[in-house]
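[1] Sharing a sequence plus its predicted fold:
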Amino acid sequence: MKVVIVGGVAGGATAAARIRRLDEDAQIVVFERSGYVSYANCGLPYYIGGVITDPEELTLQTPESFRERFAIDMRVRHEVTRILPGQKKVTVKNLETGEEFEESYDKLLLSPGARPTQPALPGTDIPRLFTLRTVEDTLRIREMIQREHPRSAVLAGGGFIGLELAENLRGLGMEVTIVQRPSHLMSPLDPDMASFVHIRARQAGLRLMLGHTVEGFQEKDGGVDVLLKGEPPLHADMVVLAIGVTPDTHLAKEAGLQLGIRDSILVDDRMETSVPDIYAVGDAVQVRHFVTWKGALIALAGPANKQGRIAADNICGGNSRYKGSQGSSVLKFFDMTIACTGLNETAAKAAGIDADKVFLSPLNHAGYYPGGQTMTMKIVFERGSFRLLGAQIIGADGADKRIDVLAAAMRAGMTAISLKELDLAYAPPYSSAKDPVNMAGFLVENLSEGRLLQFHWDEVDSLPRDGSVTLLDTRTPQEYADGHADGFVNIPLDELRGRLEEIPAGRPVYCLCQSGLRSYLACRILSQRGYTCYNLSGGYRLYEAAVLDKAACRAALPCGMEKTERSRP
């Protein structure tokens with residue numbers, strides 16, 4: 001059997017190695033148009049920033065190592081220019097010599113990946129305008145920085161690459177502006193959770209220009225002007241386009257393969273295309289979303305590796321199945337960890353799901369052990385069935401651990417309530433006896449059984465201030481003095497039982513504290529004395545972050561207006 005693989009990196013290289021492990025006699029040829037067959041895409045911003053100092057560290061395997069260990073014919077700087085399904089051949093161009101030739105196959109695997117999205121705007125060919133997708137892109141940016149020592153940069157786009165690159169350029173002392181049309185960074189997050197990211201970005205000195213449309217680029221004064229709709233241009237020494245990726249599928253389209261969302265390659269759960277004996281994996285394919293089971297594009301290394309393995313199994317006569325992607329991801333952003341899995345609330349509602357959510361702000365480990373840090377968790381679930389739909393966590397150490405637990409729980413079909421049953425490891429430096437994931441389960445259980453009634457941060461300002469409801473802040477007097485929501489009266493939790501006469505009977509009570517815990521305890525006290533009490537999910541901490549972020553986004557301030565977040569529950 002002869003297998004030709006178009007493209008290396010995550011999907012293609014994984015498949016090649018797996019095929020060899022399954023079939024020692026298979027002839028395997030890999031064509032990769034770049035000079036690198038297996039490299040760490042996710043490490044590229046860290047080489048630009050000098051965190052990774054040796055470019056060879058980015059290379060996971062070389063053509064030579066593949067040949068020596070796996071007996072695979074790995075050809076870099078070779079571009080497949082055409083697929084001929086009827087003849088079971090591909091045409092190939094050697095980019096070093098210009099030679100063109102045909103290569104036959106029994107099985108063909110496409111792993112072309114995705115290319116940086118290039119908007120149809122004037123000026124995208126300016127030399128000081130870059131994209132970041134390949135090792136070659138990285139080397140060009142690094143060489144320019146070392147040669148010309150730019151002092152400022154504009155990043156068009158605030159996704160994974162945009163944030164990682166912003167951190168690394170800021171670490172080099174550059175003034176960095178992120179500009180994009182969406183109103184919040186990191187589309188996997190909901191706007192309320194993204195507010196914490198915005199605050200951290202401004203604290204680090206980044207300027208955020210959110211909700212602004214880029215209309216083009218012009219060379220000016222030795223740098224680049226980024227032209228904005230209805231706004232003065234942004235000037236910088238360099239610009240990086242990081243507005244996302246587009247499936248690189250022109251070969252599949254020209255060969256007549258069936259296409260899906262944004263011209264991605266349609267595959268079945270065996271990773272086989274509409275043409276027999278042609279398989280496809282990675283960022284170029286449309287997959288099923290694990291939660292909605294609808295078509296989705298999820299450009300992540302983890303799913304690409306799994307798909308490569310599954311395609312290899314089936315090429316070798318197996319029957320492996322890909323059961324969907326849920327988009328589990330994690331990102332380091334300065335000292336912050338941003339983690340998510342599944343659907344956010346916005347996506348769930350757009351999919352027609354009746355979604356609900358809870359927020360909690362636990363410490364990452366036992367409070368009595370030094371160094372505890374607050375994480376903010378948002379758990380999204382289906383109303384009624386309590387099916388887990390997704391989760392988002394903003395924190396530091398331990399956020400990655402919790403998102404992985406939640407991702408595994410989703411994959412296992414657990415409900416949000418059943419999170420309370422998970423038997424998770426505990427020691428004071430790592431967790432609490434009641435792990436934050438367990439706490440999320442307790443919270444949803446209380447909601448399901450009517451022990452908890454909640455309202456959310458975006459309802460606070462619309463509550464009546466005419467005396468028809470009681471607005472209660474259960475924090476300490478000092479916390480209240482540091483900042484509070486308009487109209488809320490301060491009665492600290494520990495004084496509540498002795499001051500019940502101050503709370504009029506027969507009126508609903510809307511209660512808040514810093515994170516939602518003390519106000520929940522207050523609601524339990526009040527509800528057992530005949531009051532109807534609603535608890536602010538996520539607490540004043542979330543409300544303050546979201547409201548301040550909205551104000552900062554309107555003003556496009558670079559930093560300085562946010563308060564340091566508190567960690568007291």
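    Perfect, I can see it now. Numbers count the residues shown, from 1 in each chain.

[2] in which helix or strand would I find Arg69?
    Assigned by DSSP states H and E, Arg69 falls within helix 63-70.

[3] Buried residues of stretch 466-484, list them for me.
    By 16 or more other C-beta atoms under 10 Å, the buried positions in stretch 466-484 come out as 469-476, 479-480, 484. The C-beta positions use only the backbone N, C-alpha and C, and glycine is treated the same way.

[4] quick one: contacts of that stretch?
    Applying C-beta atoms under 8 Å, 6 or more residues apart in numbering, the external contacts of stretch 466-484 come out as 463, 465, 485, 487-493, 496, 503-504, 507-514, 518-519, 521-522, 540, 544, 563, 566, 568.

[5] rerun at 6 Å
    With contacts defined as C-beta atoms under 6 Å, 6 or more residues apart in numbering, stretch 466-484 is touched by 487-488, 490, 492-493, 503, 507-514, 518-519, 522.

[6] For PyMOL, what selects the buried ones among those?
    Here is the PyMOL command that selects the buried residues among the contacts of stretch 466-484 (16+ other C-beta under 10 Å):
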select buried, resi 487+488+492+493+503+508+509+510+511+512+513+514+518+519+522
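
[7] Just the ones of the contacts of stretch 466-484 in strands?
    Within the contacts of stretch 466-484, residues falling in strands by DSSP state E are 490, 509-512.

[8] Specify which member of those residues is nearest to Gly282.
    Leu512 (46.1 Å; C-beta to C-beta).

[9] Need the per-residue pLDDT for the nearest residue to the closest one once chain neighbours are set aside.
    Computed as C-beta to C-beta, 6 or more residues apart in numbering, the closest residue to Leu512 that is not its neighbour in sequence is Leu536, at 3.8 Å. Looking at Leu536, its pLDDT is 97.

[10] just checking, Leu536 touches Gln514?
    No - using C-beta atoms under 6 Å, Leu536 makes no contact with Gln514, being 10.0 Å away.

[11] so where's this protein shaky on pLDDT?
    The chain contains residues with pLDDT under 70 at 38-41, 58-60, 552-569.

[12] May I have the strands that pair with the helix or strand containing Met209, each with its orientation?
    Per DSSP H and E: Met209 is located in strand 207-210. Applying DSSP bridges to the sheet, strand 207-210 is found paired with strand 175-180 (parallel).

[13] so where do the strands sit in the stretch 51-200 of the chain?
    59-61, 73-76, 78-84, 89-94, 100-104, 107-110, 114-116, 129-131, 152-156, 175-180 (DSSP state E, counting those that start in this stretch).

[14] Give me the packing partners of the fifth one, helices and strands only.
    For strand 100-104, the contact count by 3 or more C-beta pairs under 6 Å, 6 or more residues apart in numbering; DSSP states H and E identifies strand 89-94 as packing neighbours.

[15] now the angle between strand 100-104 and the strand it packs on, please.
    Relative orientation of strand 89-94 versus strand 100-104 (axes from the mean of the first three to the mean of the last three C-alpha atoms, to 10 degrees): 140 degrees.

[16] Dump the C-alpha coordinates for strand 89-94 into CSV.
    Output of strand 89-94 as CSV, limited to C-alpha atoms (Å, rounded to 0.1, in the frame of the first residue of the first chain):
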residue,chain,number,x,y,z
LYS,A,89,-2.2,10.7,-8.6
VAL,A,90,-1.1,14.1,-7.4
THR,A,91,1.1,16.6,-9.2
VAL,A,92,3.9,18.0,-7.2
LYS,A,93,6.3,21.0,-7.6
ASN,A,94,9.8,21.0,-6.0
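
[17] which secondary structure elements does it contact?
    For strand 89-94, the packing partners by 3+ C-beta pairs under 6 Å, 6+ apart come out as strand 78-84, strand 100-104.

[18] Tell me which of those strands is the most buried.
    strand 78-84 (a mean of 18; mean count of other C-beta atoms under 10 Å).

[19] How far off centre is that one?
    Relative to its chain's centre, strand 78-84 lies at 33 Å (C-alpha atoms, centre = their mean, to the nearest Å).

[20] Okay, now stretch 279-297: how far is its last residue from its first?
    Using C-alpha to C-alpha, to the nearest Å, the end-to-end distance of stretch 279-297 comes to 17 Å.

[21] residues making contact with it?
    11, 109-114, 247-249, 260-261, 264-267, 271-273, 299, 304, 307-308, 311, 324-326, 342-343, 351, 389.

[22] From the chain's centroid, how far away is that stretch?
    Centroid displacement of stretch 279-297 relative to its chain, using C-alpha atoms, centre = their mean, is 16 Å.

[23] Now do the buried residues in that stretch.
    Buried, per 16+ other C-beta under 10 Å, within stretch 279-297: 279-292, 296-297.

[24] How about stretch 490-506?
    Those would be 491-493, 496, 503, for stretch 490-506 by 16+ other C-beta under 10 Å.

[25] mind giving me CSV with these and columns for distance to Tyr368?
    Converted to CSV, those look like this (distance: C-beta to C-beta, whole Å):
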residue, distance to Tyr368
Ile491, 28
Pro492, 22
Leu493, 20
Leu496, 25
Ile503, 33
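
[26] Considering those, which is situated nearest to Ile338?
    For the buried residues of stretch 490-506, the closest approach to Ile338 (C-beta to C-beta) belongs to Leu493, at 31.4 Å.

[27] and the closest one, how far is that from Arg475?
    Computed as C-beta to C-beta, to the nearest Å, the Leu493 to Arg475 distance reads 8 Å.

[28] And for Asn305?
    Distance, Asn305 to Arg475, using C-beta to C-beta: 47 Å.

[29] Good, we can wrap up now.
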